Each structure stands twice: as structure tokens, then as C-alpha cells.
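[1] Need coordinates for the following:
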Amino acid sequence: MIPKYLQISDQLRAQLTGNERASIQKLPTEQELCEHFHASRQTIRHALQILEQEGLIERRQGSGAYATGLHPDSEHNQIAVLLPTDSDYTYAKLRSELQLPLVKEGFAVSFFLTEFKLSREREILHQLLELPLRGLIIDPVKNALPNPNLDYYERLWSKRVPTVFLQQPYLGFPQQPFVCSDDYDGGRQAAQYLLARHHIKIATLLPSDSISGMKRYLGILHACNESHITWDDRHLAWYSDEEWSALQKKQATGFLSDFIRRKLGTCSAVICHNDEIAYWLIKELSISGRHVPEDISVISFDNSYLCDFSVPGLTSFGHRQTLASTAANTLLSQMRGQDSASVTLSFHLYERDSCHSLA
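    Numbering: from 1, shown residues only. Presented below is the predicted three-dimensional model:
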């Protein structure tokens, strides 16, 4: 006959790791477990000790036992992270901030590159369906466009694979937790900052197939309307993922020189979607004979190391709390059965020397 403490540990393990685990965040108290299983406190403690040794629960003095999110079979503790590229100027930092919190808690993290291609994303998702996956973090590709891979995502979700999107999920997808920037307010703040310094003609460089680019554009329009400034969309430039990838891999700045020639006109300021775009734009402006900030002001987003490498130093919006670490912790909460609502991070302005007032 199987000892009672093993029966109890088996039942609790099934709830922690099986289809019911999403409902468990904190185990009942020892007294409540005694009453539920009609067992002695010693029997309950023995059962909990087994679960703790397997890494399934963490017992906290005076607080109780909490789910760790781990599976007793280490092969089932794999986290997959899908990123568009490893050429991104923020990649090393992003990878570290995603990996460290998860590895610290006992999970193995594997990274897959979608190369900005939905077809490549589909190939990766097909591979992941064959793995005993514990969790998934997705940095979406072209999330402003319909995604043909919903069927594969739904198959993963039918297996109860917790998922967190880094940025907003694809249009038309079922609701899933995500961590993103408050892009609408970021665009509004950037425009307000320049308008307050008497920049009336403002150009923009934004990604064409990203929800964040669309929202920043709407925020810029809102700020202009509030200030009774007529927005001139002739100075709005959209760049593609392919142009962005070529800039990262080959320093292909042709679309930036084209922007200066065709879109900039008499604008006195430019809002760039990120620091790398701004960094290379400043170089192209210098080649064309325009100096920052004397002739034109430049402002961007990310507050990365490129802000200090740029000459002059780049004024940029960033987060006090990073998207990546927040996404990792949101996934951990899901795997532990906790509520994991989506998170929107506010921007904070870091002023340097790339903007000046026209007054």
C-alpha cells in the first residue's frame, strides 16, 4: 500500500504541474491540508518536504508554501524566447535581462531568432510544439499586421504554455499578457518637449509595421493638435523591418540619407523611433552639412548606451524599469499560478545635448 504522505504529495504535484496548476499560487495551510486529506500534521509536513525537495514549492517561514512554477522533470522547465534579431544594439542587454531572472529560478532558457520574418517564426513555433515547453516570451514581428501563425500559437496555448509578449501582441490575437511601453504618451511627450522649445516643423522616423510606431505617431499628432499646430505629413517617414535590419547588419544608411533629402525640408527637429536610428541619422546629417543641435534637434527613445556615444549626447526617453525584466517576472508569475496582468511602462526623459530651443 502506498504511504499516505506519498498519496498526498502525488495529488498536490498533479495540481502544481498538471492542467490544474494555474489555479495554485499558494498552498493551503498545514491545518487546512490536514482537514482536507484527513491526515496528521506530520504526514502533511512529510508530503510538503517531498515537493520542496523536487523544487515545486518554496516554504516561507510564517507565510506558507508557494508554487515555484517548476516541473519535477527538469526537461519540462524549458523557456523559449523568440527575438527578431541578434544584431540589435540592445540585444545583449535584452538577452541578459530576460535570462537571468528565469535561470535564477531554475529554468533553462533558449533563444530563437525570427529574423523579422513571419515564415521563420512559423518554423520555430513548429519546433516548439515538439518540446516539453514550460513558458514562452515573444518579441513580435510586424505586429501592426495580421499574423498567419495564430493556429500554431493556439496549439501551444491548448497545452497550457504560459506566454508573455514583449510589446503588444499581434492584431486579432486572443488576449495574452504583454509588457509594452506607453508609446502613445511617449510620442505625445516627445512632441510636447519640442513644441515647448518653439519647434513648429517636426519630422519623424518611425517603423511602418509596428504598433509602437503607430501609437507614437498618434501621440505626436495629439500634441500638435493640443498646441494648434498643423501637422504636415510630408515630413513623416516610415521605414520597414528590412531597412532596419540592413542598418543593423550592414550600416546601410541609404534610407536615412533619402529621408534627409526628400522629407526633412525646413524642419528644425526630428523624432526618431529609437537611439540607433537617431545615432546614424546624426552622422548622415553631418555629412549633408547640417549640425545637431545648431541646425536641427534630434530626440529618440530607449536611453541606451548609444546616447553617450553620440556626438552630441542624445536626448532620449527611457524606462526606469526595463521591459525585459518585467516580461520575465510576468512569465514567472504565470507559471506560479499568480495573476499576471499586462504591464505598460511609462517613459522618463533623459536630457542631453541633441536638442535646443529656438527662442
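[2] drop to CA atoms for contacts and neighbour counts, all remaining ones
    Noted.
[3] Against E154, how distant is P174?
    Separation of P174 from E154 (C-alpha to C-alpha, to the nearest Å): 9 Å.
[4] Who has more neighbours out of the two?
    E154 (14 against 10; other C-alpha atoms under 10 Å).
[5] Which helix or which strand is home to that one?
    Assessed by DSSP states H and E, E154 sits inside helix 150-158.
[6] Now the residue nearest to the spatial centre of the chain: closest residue in space, sequence neighbours ignored.
    By C-alpha atoms, centre = their mean, the chain has its centre lying nearest to L166, at 2.5 Å. Of all residues not flanking L166 in the chain, D139 sits nearest, at 4.7 Å (C-alpha to C-alpha, 6 or more residues apart in numbering).
[7] can you pull the contacts of the one you found?
    Contacts were defined as C-alpha atoms under 8 Å, 6 or more residues apart in numbering; by that measure D139 touches V81, L82, L83, P84, F165, L166, Q167.
[8] Got phi/psi on the second one?
    In this case it means L82. phi -100, psi 120 (degrees, to the nearest 10).
[9] That one: neighbour count?
    L82: 22 neighbours (other C-alpha under 10 Å).
[10] returning to what we had before: mind listing what's buried along the helix holding E154?
    Applying a neighbour-count criterion of 16 or more other C-alpha atoms under 10 Å, one finds Y152, Y153, L156 buried in helix 150-158.
[11] okay but the first one is in contact with E123, surely?
    No - when contacts are counted by C-alpha atoms under 8 Å, Y152 is not listed as touching E123 (9.8 Å).
[12] Apart from its neighbours in sequence, what residue is nearest D183?
    Setting aside the residues directly before and after it, D183 is nearest to R216 in space (C-alpha to C-alpha, 6+ apart), at 5.1 Å.
[13] doesn't that neighbour fall inside a helix?
    Yes - checked against DSSP: H, G, I helix; E, B strand; the rest coil, R216 lies within a helix.
[14] contacting residues around the strand or helix carrying T326?
    Applying DSSP H and E as the criterion places T326 in helix 323-335. Identification of contacts with helix 323-335 by C-alpha under 8 Å, 6+ apart yields 22, 68-70, 94-95, 97-99, 101-102, 134-137, 162-166, 177-181, 339-341, 345.
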